[in-house]
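Colleague: For reference, the sequence and a predicted model appear below.
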Amino acid sequence: MLMRAISEQSLLVALEVTARVLEVTKPLAMLLQTVSLDLHKASASVNNCVETLQQMREDDTFSMLFSKAEARHGGPITLPRIIGRQVHRGNAPADSPASYYKRNVFYPFIDTAISQLRERFNEHSAKALSMQSLLPKFCVNEPFGRIEAAVEEFGRFLPGPKDTVEVEFLRWKNHWKRQEVKPTNTIVALKAASELQTFPCISKLLQIFATFPVTTATSERSFSTLKYIKNYLRSTMGEPRLNGLASLFIHRDIKLNYDDVIVEFSKKIDV
């Protein structure tokens, strides 16, 4: 009975900690599932999430969570028995129940969430910090050295040599210094570079930056549609028909002109 009570107390504390971490990470999870998401915005959101979790670790957040767990428990949460050697649960020494659960539940949970976010988005963050210097909002205060690594990495795709890119970047900076509105969106910056038609290398770099994959949510979402299209009643469906139905289902927001479909279909019918 004692072990059951201790387990229930640990579960209550863990539930409060989990709920608070989800409040921080859920907006990020929803953002990463959106269709139109550039790397700069995703990287900034991840960094903001990590900073918030670190702040929670250092401030008095756990005291509030522990009080809520005690209120849900209906009484004070007690300190579990601590022995010299314990391998099945946390056994960090503590002089109070709050200190024990903070060291054995709260800190490990927060640290795991932070380390997983950093590990998952470490490469993306490095690329974003390098390539975001092309955005008009940041390029006016950044030297060419900030994007030099990106130029070396993607130089084979650029229409000119490195020296040409450096001159283009200087002209790109001077152009946006004279503008009052400086976009921070990659697509807007790419559109501006394409319309100006005098920044071919910058335009190509922005195009590469805009197409960096942030998540696989969009492609996974398209695979999820197969269970609606090819079920056991359509087991003999061929690949052309499957591709057509999948395209119709995935892009169902596009309205079709059925008259044009009928005309195209009639052209393929042998009379």
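Modeller: All right, it came through fine. Keep in mind the model is a prediction, meaning the values are calculated, not measured.

Colleague: Now do the residue most central in space within the chain against V13, distance only.
Modeller: The centroid of the chain falls nearest to L32 when counting by C-alpha atoms, centre = their mean (4.0 Å). Note on L32: its distance to V13, by C-beta to C-beta, to the nearest Å, is 28 Å. Backbone N, C-alpha and C define where each C-beta goes, glycine included.

Colleague: Also R57?
Modeller: 15 Å.

Colleague: These two: which has the busier surroundings?
Modeller: V13 (28 against 17; other C-beta atoms under 10 Å).

Colleague: Quick one: the helices in the stretch 151-271 of the chain, in order.
Modeller: Using DSSP state H, counting those that start in this stretch, the helices of the stretch 151-271 of the chain run over 162-177, 186-196, 200-210, 217-224, 226-229, 239-250, 258-267.

Colleague: Go through these and name the closest to C49.
Modeller: Shortest separation from C49 across the helices of the stretch 151-271 of the chain is recorded for helix 217-224, at 16.8 Å, computed as C-beta to C-beta.

Colleague: can you give me the angle the closest one makes with helix 239-250?
Modeller: Calculated by axes from the mean of the first three to the mean of the last three C-alpha atoms, to 10 degrees, helix 217-224 forms an angle of 120 degrees with helix 239-250.

Colleague: now the lowest-mean-pLDDT helix or strand in the chain, how far from the chain's geometric center?
Modeller: Least confident helix or strand, the chain: helix 217-224 with a mean of 74, by mean pLDDT, DSSP states H and E. Taking C-alpha atoms, centre = their mean, to the nearest Å, one finds the center of helix 217-224 at 16 Å from the center of the full chain.
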